[in-house]
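S.K.: Compute the structure for the input listed below.
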Amino acid sequence: MIRKENTGSKDIALQKKGALNNKADQIKDPLFRGDEFFDPKDLVQVKYEMLRRVRKEGKSVTEAAAAFAMSRFSFYEAQSAMNRDGLPGLVPKKPGPRGGHKITPEVQAYIEAVSSKEPSLDVRDLLAKVKEGFDVTVHPRTIERALERTKKKRQ
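M.R.: You can find the predicted model right below:
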């Protein structure tokens, strides 16, 4: 049983992991309306139960998705993730780009070439050169990471 005093900290933990269900109040499934074990705010639990209803109880995808305040697309996305990765597949992934998208291989090669020709250049100088040469604005830490990759290649 979930105690009321722990609900706030659980909500914070769910939010940090990206697993706080922002449609919790729209769930129509009776288990999530009256039982403290089933938490409508826990997105992983909601997705799992939606998938289970279709697979084990024979509910239609449309019916299950509606009961759990999800779209059919969300159902199939969750089903694919569960089939591929098991239960950990239902845990939301970190949003945003995966990896650097401004430091292309060409920009990385340029940073390597300039820094090896002119080792006295600091990060700010390299920022200006990248901006001038590629019309790309990057954060200083991005240049530092590019330089770290260069050092690793040389070792």
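
S.K.: Kindly state the domain boundaries assigned to this structure.
M.R.: 4-90, 105-148 (automatic domain parsing).

S.K.: and the ones you listed as CSV, adding mean neighbour count?
M.R.: The way it works is simple: take the backbone N, C-alpha and C, and place the C-beta from them, glycine included. Listed next are the domains of the chain as CSV, based on neighbours: other CB atoms under 10 Å:
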stretch, mean neighbour count
domain 4-90, 15
domain 105-148, 14
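
S.K.: Can I get those domains in CSV including mean pLDDT?
M.R.: What follows is those, written out as CSV (pLDDT from 0 to 100):
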stretch, mean pLDDT
domain 4-90, 92
domain 105-148, 91
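
S.K.: how about CSV for these, with distance to Gln155 added?
M.R.: As requested, the domains of the chain are exported to CSV (distance: least, CB to CB, whole Å):
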stretch, distance to Gln155
domain 4-90, 34
domain 105-148, 11
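
S.K.: Compare those domains and report which one is nearest to Pro97.
M.R.: domain 105-148 (12.0 Å; CB to CB).

S.K.: residues touching the nearest residue to Pro95 once chain neighbours are set aside, list them.
M.R.: Among residues not flanking Pro95 along the chain, Gly18 sits closest, at 7.0 Å (CB to CB, 6 or more residues apart in numbering). Gly18 sits next to 92-95 when contact means CB atoms under 8 Å, 6 or more residues apart in numbering.

S.K.: Now list the buried members of those residues.
M.R.: Not one of those meets the buried threshold, by 16 or more other CB atoms under 10 Å.
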